[in-house]
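K.L.:
Below are the sequence and a predicted model; questions follow.
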Amino acid sequence: MNNFAPLGIFGGTFDPVHLGHLRLAEEAAEALGLAEVRWIPAGQPRHREAPRVTAAHRLRMVERAVADNPRFCVDASEVAADASYTVPTLERLRRELGNTRPLVLLLGADAFAGLPGWHRWQELLSLAHLGIAHRPGFPLDPAGMPQVLAKLYQERRSADPAALAATPAGRLCTFAMTQLSISATQLRALLANGQSPRYLLPSAVIDYIDANNLYRNTIPLADGS
Ligand code: ATP
């Protein structure tokens, strides 16, 4: 593999991982020319509610979901952490991979809209590019964005994904993925109600959920480690 081909970085709670995540990563790899996508399940994010199941379970579900895709790999390093912040994660990846490899942080449009609430978010573009997927219900329109985000969007956006391979960081590309109105929130609700989650997430993940009796009771776990 070309060590300088862009590497996709896909972080998330994955509580649980579903076909929206998988199609995002697959279509990003094709649209943005990524050699590989590294999935990084979050430990205990502080900027949102505690995940419903432990980080160890969420990691194992992601491992099962991506196992048959040679372009995907899983990075377990945040699972043991108390908190997951994207900028320190990218700094760690830079220490591991060096400063020349293009890194593309993959985000859905909803996550992009929330960027100004992230820890040290203004440093993101010095460490990686952004690859932003369209998501139903979250239009990518600068007119509807907070001013700081609209400015970033307009200044850094490249229409041509080839721009991502030309520099290690600093550009922003959007891509149109198959629109799948699937969310982990919806899946947790289905499972808690005893309804079928089939065809919304991989069967290997459903088997894992069933075997470990996840999401079926409605009492949230206090410990998301
Ligand atoms: P929740 O419903 O618990 O908020 P989620 O389904 O949004 O979860 P996350 O783990 O929070 O999943 O998302 C990880 C990343 O995947 C985020 O960047 C998010 O925008 C993106 N994403 C999740 N689902 C979709 C989808 N259906 N289409 C496009 N992007 C998605």
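P.N.:
Cool, got the structure. Residues are numbered from 1 along each chain as shown.
K.L.:
strand partners of the helix or strand hosting residue 8, parallel vs antiparallel please.
P.N.:
Per DSSP states H and E, residue 8 falls inside strand 7-12. Sheet pairing of strand 7-12 (DSSP bridges) gives strand 36-41 (parallel), strand 103-108 (parallel).
K.L.:
Mean pLDDT and mean neighbour count for the ones you listed - can I get that in TSV?
P.N.:
Using the backbone N, CA and C atoms, a C-beta is placed for each residue, glycine as well. Below are the strands paired with strand 7-12 laid out as TSV (pLDDT from 0 to 100; neighbours: other CB atoms under 10 Å):
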stretch	mean pLDDT	mean neighbour count
strand 36-41	97	22
strand 103-108	97	24
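K.L.:
where does this protein come near the ligand, residue by residue?
P.N.:
Contact residues (CB under 6 Å from any ligand atom) of the chain with the ligand: 12-15, 20-21, 24, 107-108, 110-111, 133, 135, 180, 182-185.
K.L.:
Can you say which of these are buried?
P.N.:
Buried subset of those (neighbour count, 16 or more other CB atoms under 10 Å): 12-15, 20-21, 24, 107-108, 111, 133, 135, 180, 182-184.
K.L.:
show me the contacts for the residue in the chain that the ligand sits nearest to.
P.N.:
The chain approaches the ligand most closely through residue 108 (2.1 Å), counting by CB to the nearest ligand atom. With contact taken as CB atoms under 8 Å, 6 or more residues apart in numbering, residue 108 is in contact with 20, 24, 132, 133, 135, 138.
K.L.:
Find the pair from those residues with maximum spatial separation.
P.N.:
Greatest spatial distance among the contacts of residue 108 (CB to CB): 20 and 132, at 14.3 Å.
K.L.:
Now do the same for residue 208: helix, strand or coil?
P.N.:
Secondary structure, DSSP: H, G, I helix; E, B strand; the rest coil: residue 208 is helix.
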